[in-house]
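Everything below, folded, please.
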Amino acid sequence: MDLNFNKNEDHNKLLISDLKRRMAKVKLGGGQKSIEKHHEKGKMTARERIDYLLDPKAKCIEIGAFAGEDMYQSHGGCPSGGVVVKIGYIKGKQCIVVANDATVKAGAWFPITGKKNLRAQEIAIENKLPIIYLVDSAGVYLPMQDEIFPDKEHFGRIFRNNAIMSSMGITQIAAVMGSCVAGGAYLPIMSDEALIVDKTGSIFLAGSYLVKAAIGESIDNETLGGATTHSEISGVTDYKAKDDKDALDRIKSIVDKIGDFDKAGFNRVQPEKPTENPEEIYGILPRNRSDQYDMYDIIKRLVDQSQYDEYKAGYGKTIITCYARIDGWAVGIVANQRHIVKTTGAKTKPTEMQFGGVIYNDSADKATRFIANCNQKKIPLVFLQDVTGFMVGSKSEHSGIIKDGAKMVNAVSNSVVPKFTVIVGNSYGAGNYAMCGKAYDPRLIVAWPSAELAVMSGSSAAKVLLQIEKASLEKQGEKITKDKEDELYNTIKARYDIQVSPYYAAARLWTDAIIDPLDTRTWISMGIEAANHAPIEKQFNLGILQV
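Have a look, this model is predicted:
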């Protein structure tokens, strides 16, 4: 291996170390003291509950682990959005589990909590996956109620989704393992089956203090809405459990008896590992986001036996389109190519040289055709993003880049096979859209630690913003020296760089996770397995196109 490979490897392994450090902090939720207080009440933490519920040693993936990171600092923060969401297996059946983390503000719902819960339900609805709710929440975080309560994508949408999933026949099981108050009380009761843990679980629309204030009745919370009340008097819950483990064991038993599901029928054979070493990705991926590398080298380390069948190999070379298998599943890969060999002959003009990571007319046309083919063949799509956008300039405009780009966006939008997006590097501007960004409904969208998401790169944006800032200051009569200009540029770029970070995106759930590149195969495989629960009911139709 050359020196550049070693430097890249060191850089990317440091990014992985940082990812692991951040994850370790996230897993502490509200902190060690809060965890200890939780245990003193005889309760397991959200993560302990999920770990106990899921099959041991089976693979699982976590959705939105970094939700809320560095947000709500004036309110004390909200690690992981105050809720833990994982896709895993219960008695061999793939399920999604949603557990309130009561070590974070007693499990209260911040705006990002609502968004993360809705994302979990969206995954369940799209894939017709059984969903398990482990409820332990104080309800809406009142200081921010205006940002979580009344809008379409706020708290009330949760219960609307409960009803929609019930009508779709999607299994929903809820265990009340702590507080379940006010509007939140509807969630477990709108599930198919509801359990409650004795002495620690409680359900009521209004607690004892509010009851006293509202109607003058004096009553304690256990009598008002405890496990005995709801299991033996009101009939609100279906099972009473003696403790957390008893409730989780009952859920396992219920899930174990769920019948088989209708399958979408995606093609799968015996999985094979890549013959090229996946760990070499660390050395291939450049430490500088503007440097070139060969995306074929990444693909070979992600797909079974490092083999693929390339579609239109000699045409539209800034996008790679190929058929392959990942963990046995047939996939169609659409990937941005960052390594372009420039022709150096005497007749070559600068406008004819292609730049890696840029989408040209021919590459957009090729991708559109390939996406259509995958839809016809019922092959799930995997997008590997490292895109700086569409090509600009007179030659591209006169060739109709907007029209060809629109065709690709149209194909991505109307695709009916499941789509999975991996942000390897850059994800800028309209390139994010054409390569199946979050707005285009990928079943799962993940980023590697090397990813950057923004309208444009930090340096490009800083140059644009600098000109605006300079013009404003000069209008006020201030003279801008070279030193002052450099200072302004660095300040603007530092501010913008925070926003292009993959952690900034993950905190806001623009991506489902930041993952180690070595975990990419697991995410795609489990994602296709989930999608296989939902037969495709729509026909692929591109609609009207400007040909």
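
Do you have the helices of the stretch 401-547 of the chain handy? List them.
Using DSSP state H, counting those that start in this stretch, the helices of the stretch 401-547 of the chain run over residues 401-414, 429-434, 458-475, 482-500, 502-507, 520-531.

could I get those helices as JSON lines with mean neighbour count and mean pLDDT?
For the C-beta atoms, the positions are set from N, CA and C on the backbone; glycine is no exception. JSON lines is the format used below for the helices of the stretch 401-547 of the chain (neighbours: other CB atoms under 10 Å; pLDDT from 0 to 100):
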{"stretch": "helix 401-414", "mean neighbour count": "20", "mean pLDDT": "92"}
{"stretch": "helix 429-434", "mean neighbour count": "22", "mean pLDDT": "92"}
{"stretch": "helix 458-475", "mean neighbour count": "14", "mean pLDDT": "77"}
{"stretch": "helix 482-500", "mean neighbour count": "14", "mean pLDDT": "82"}
{"stretch": "helix 502-507", "mean neighbour count": "22", "mean pLDDT": "96"}
{"stretch": "helix 520-531", "mean neighbour count": "22", "mean pLDDT": "98"}
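
Now do the helix or strand of the chain at the bottom of the mean pLDDT ranking: everything it contacts.
Every helix and strand of the chain was ranked by mean pLDDT, DSSP states H and E. The lowest is helix 458-475, at a mean of 77. Helix 458-475 has contacts (CB atoms under 8 Å, 6 or more residues apart in numbering) with 452, 454-456, 480, 485, 488-489, 492-493, 496-497, 500.

residue ranges for the strands of the stretch 51-200 of the chain, please.
With strands called from DSSP state E, counting those that start in this stretch, the stretch 51-200 of the chain shows them at 61-63, 83-90, 93-100, 131-137, 172-181, 193-197.

what residue ranges in the stretch 51-200 of the chain score low on pLDDT?
Residues of the stretch 51-200 of the chain meeting the criterion pLDDT under 70: 183.

all helices for it, in order.
Under DSSP H, counting those that start in this stretch, the stretch 51-200 of the chain gives helices at 111-127, 156-168, 186-189.

Any chance of CSV for these, columns mean neighbour count?
Output for those, formatted as CSV (neighbours: other CB atoms under 10 Å):
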stretch, mean neighbour count
helix 111-127, 22
helix 156-168, 16
helix 186-189, 21
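
Tell me which of these sits nearest to residue 227.
helix 186-189 (12.3 Å; CB to CB).

Excluding chain neighbours, what is closest to residue 130?
In space, residue 130 comes closest to residue 171 once its chain neighbours are excluded; the distance is 3.9 Å by CB to CB, 6 or more residues apart in numbering.

got the contact list for the one you found?
Counting by CB under 8 Å, 6+ apart, residue 171 has contacts 130-131, 192, 255, 258.

switch the cut-off to 10 Å
Residue 171 makes contact with 93, 95, 124, 128-132, 165, 191-193, 254-255, 258-259, 261, according to CB atoms under 10 Å, 6 or more residues apart in numbering.

burial count for residue 479?
By other CB atoms under 10 Å, the residues close to residue 479 number 7.

okay, and for the stretch 251-400 of the chain, where does confidence drop off?
341-355.

Okay, strands next: where are they in it?
With DSSP E, counting those that start in this stretch as the criterion, the stretch 251-400 of the chain has strands spanning 308-310, 319-326, 329-336, 358-359, 381-387, 389-390.

Residue 38 belongs to a helix?
Yes. Checked against DSSP: H, G, I helix; E, B strand; the rest coil, residue 38 lies within a helix.

give the contact list for it.
29-30, 44-46, 48, 101-103, 136, 178.

contacting residues around stretch 208-218?
Contacts of stretch 208-218 (CB under 10 Å, 6+ apart): 181-182, 204-206, 219-225.

can you pull the contacts of residue 386?
285, 289, 293, 295, 298, 335-338, 356-357, 422-428, 431, 435, 448, 450-452.

How about it: what's its closest non-neighbour residue?
Per CB to CB, 6+ apart, closest to residue 386 is residue 425, 3.6 Å.

any idea how far that neighbour lies from residue 287?
11 Å (CB to CB, to the nearest Å).

The two: which is more packed in?
With neighbours defined as other CB under 10 Å, residue 425 and residue 287 compare such that residue 425 has more, 26 against 15.

isn't the more buried one right up against residue 435?
No. When contacts are counted by CB atoms under 10 Å, residue 425 is not listed as touching residue 435 (11.3 Å).

State the pLDDT value of residue 42.
Looking at residue 42, its pLDDT is 92.

typed the wrong thing, it's residue 481
Predicted confidence (pLDDT) for residue 481: 80.

And the contacts of stretch 208-218, which is closest to residue 147?
residue 182 (16.8 Å).

Contacts only, for the closest one.
Contacts of residue 182 (CB under 10 Å, 6+ apart): 137-140, 155, 204-207, 210.

again with residue 537
264, 416.

tell me the pLDDT at it?
90.

how near is it to residue 264?
Residue 537 is 10 Å from residue 264, by CB to CB.
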